[in-house]
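>>> got a predicted structure here, sequence first:
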Amino acid sequence: MLLEGIETLLVLAEEGTMSRTGSRLYISQSAVSKRIAKLETTLGTKLIIPAGRLIKLTPDAHALIKNVGPSFNEIRGLIFEHQNIDDQSIITIDCSETLVAGYLSHALGQYFQHDKYIAITTHHTPVIVENIQSGKASIGFCAGHLPANSRFIAEHLMDEPFKVVFNQPLLTLPTAIVTNDLKNPSNISQAAILQKRGIMPIMEMDSYTAAAQLALAGMLPALVPNSIVKTLNIHTKFCFEFEELAELTRPIHLIYRQNSYKLPRVKKLIETIAGAVATTT
């Protein structure tokens, strides 16, 4: 019961509301409230404070998350490693939405014909990392820089280049641009490169697809990875490359727990994904 309460608090810290937390955990809003109340009673301290529609965490809650969160995810991951994966067990691949659309749609479509017990979820890289560490997913396919000293295998597949997309000719490097969220730890290296080149990120979107669509509508040029150019089939006349931005790439990784790779079905799926990326690029 204590672990259940801690898991609920960790999700609540990410989601910010009881309702979204309940949706993510597949329980009711009242069940979320009861779990948090039981955890508060067990610990003898207040963990949350209502703040309108959102929930505000107390200093004690922040301290608990900081101290217990990483270890809790690792414990869940260790438990996951002791689960038996047979021919009908679901193997979850947690992916970047841009990567699965740009590089894996055809390969996974074919793969699903002989192994239908595959599930795909999409998140940003920090959540993918968390899900691999906790065992919520067996395989992660993610873009951007990974945290140091992580307890999983990170297989580097490629460094994906970016294009500047716009619906009008660009003869010189733009001074203002639409990017993806640069506060995301996996994207933070982009900010330094853009600053060095005197390019101002005017808007930071949550989706590269949205950034590309704004650029194609003529709002501002957008920084878009090759996988999105491929997925949206953006014509080459709207894609521009500048020597000054050649260093602007994002590393693409497959991540998984070491023991997961020992399982034949997981190993085969990892090798299929790696092969599909190599073939596509």
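All right, it came through fine. Since we're looking at a predicted model, the values are computed, not measured. Residues are numbered from 1 along each chain as shown.
>>> show me which residues of the top strand by length along the chain are buried.
Using DSSP state E to define each element, the chain has its longest strand at strand 153-165. By neighbour count on 16 or more other CB atoms under 10 Å, the buried set for strand 153-165 is Ile153, Ala154, Leu157, Met158, Glu160, Pro161, Phe162, Lys163, Val164, Val165. C-beta here means a position set from N, CA and C on the backbone, and glycine is covered the same way.
>>> chain center to it: distance?
Here strand 153-165 is found 14 Å from its chain centre; the criterion is CA atoms, centre = their mean, to the nearest Å.
>>> strands paired with that strand, and their directions?
strand 222-225 (antiparallel), strand 239-240 (antiparallel), strand 249-256 (antiparallel) (DSSP bridges).
>>> can you tell me the centre-most residue of the protein?
His124 (2.0 Å; CA atoms, centre = their mean).
>>> is Lys136 part of a helix or strand, or is it coil?
coil (DSSP: H, G, I helix; E, B strand; the rest coil).
>>> and the closest residue to it other than its chain neighbours, which helix or strand is it part of?
Leaving aside its sequence neighbours, Lys136 sits nearest to Thr92 (CB to CB, 6 or more residues apart in numbering; 7.0 Å). Element membership for Thr92 (DSSP states H and E) is strand 91-95.
>>> what about that strand, average pLDDT?
The pLDDT scores in strand 91-95 average 92.
>>> what kind of secondary structure is the nearest residue to Cys95 once chain neighbours are set aside in?
The spatial neighbour of Cys95 that comes closest, neighbours along the chain excluded (CB to CB, 6+ apart), is Phe141 at 4.3 Å. At Phe141 the chain is in strand, as set by three-state DSSP.
>>> could I get the pLDDT score of Phe141?
Taking Phe141 on its own, its pLDDT is 96.
>>> likewise Tyr111?
Listed pLDDT for Tyr111 reads 89.
>>> for it, give me its contacts.
Contacts here follow CB atoms under 8 Å, 6 or more residues apart in numbering; on that basis Tyr111 touches Ile118, Leu269, Thr272.
>>> residues in contact with the residue nearest to Cys95?
93-96, 99-100, 104, 128, 252-255, 273.
>>> and Ile48, bridged to which residues?
With DSSP bridges as the criterion, Ile48 is bridged to Leu57.
>>> from Val68, how far out is it?
Distance of Ile48 to Val68, given as CB to CB, to the nearest Å: 16 Å.
>>> quick revisit: which one of the buried residues of strand 153-165 is nearest to Ala212?
Val165 (5.4 Å; CB to CB).
>>> show me where this protein dips below the pLDDT cut-off.
Across the chain, residues meeting the criterion (pLDDT under 70) sit at 1, 77-87.
>>> show me which helix runs longest in it.
As assigned by DSSP state H, the longest helix anywhere in the chain is helix 59-81.
>>> run through the neighbouring helices and strands of that helix.
helix 2-15, helix 125-134 (3 or more CB pairs under 8 Å, 6 or more residues apart in numbering; DSSP states H and E).
>>> so which of those helices is the most packed in?
helix 125-134 (a mean of 22; mean count of other CB atoms under 10 Å).
>>> more neighbours, Ile48 and Val68?
Ile48 (20 against 15; other CB atoms under 10 Å).
>>> Ser105 versus the more buried one, what's the distance?
According to CB to CB, Ile48 and Ser105 sit 41 Å apart.
>>> torsion angles phi and psi at Thr272?
Per-residue torsions, Thr272: phi -70, psi -40 (degrees, to the nearest 10).
>>> I should have written Ser186 there, sorry.
phi -70, psi -10.
>>> list the contacts of it.
With contact taken as CB under 8 Å, 6+ apart, Ser186 is in contact with His124, Thr125, Pro126, Cys142, Ala143, Gly144, His145, Leu146, Arg250.
>>> how about the nearest residue to the first one, chain neighbours excluded?
Using CB to CB, 6+ apart and skipping the chain neighbours, the partner closest in space to His124 is Asn184 (6.0 Å).
>>> of all the strands paired with strand 153-165, which one is nearest Glu204?
Smallest distance to Glu204 across those (CB to CB): 10.3 Å, for strand 222-225.
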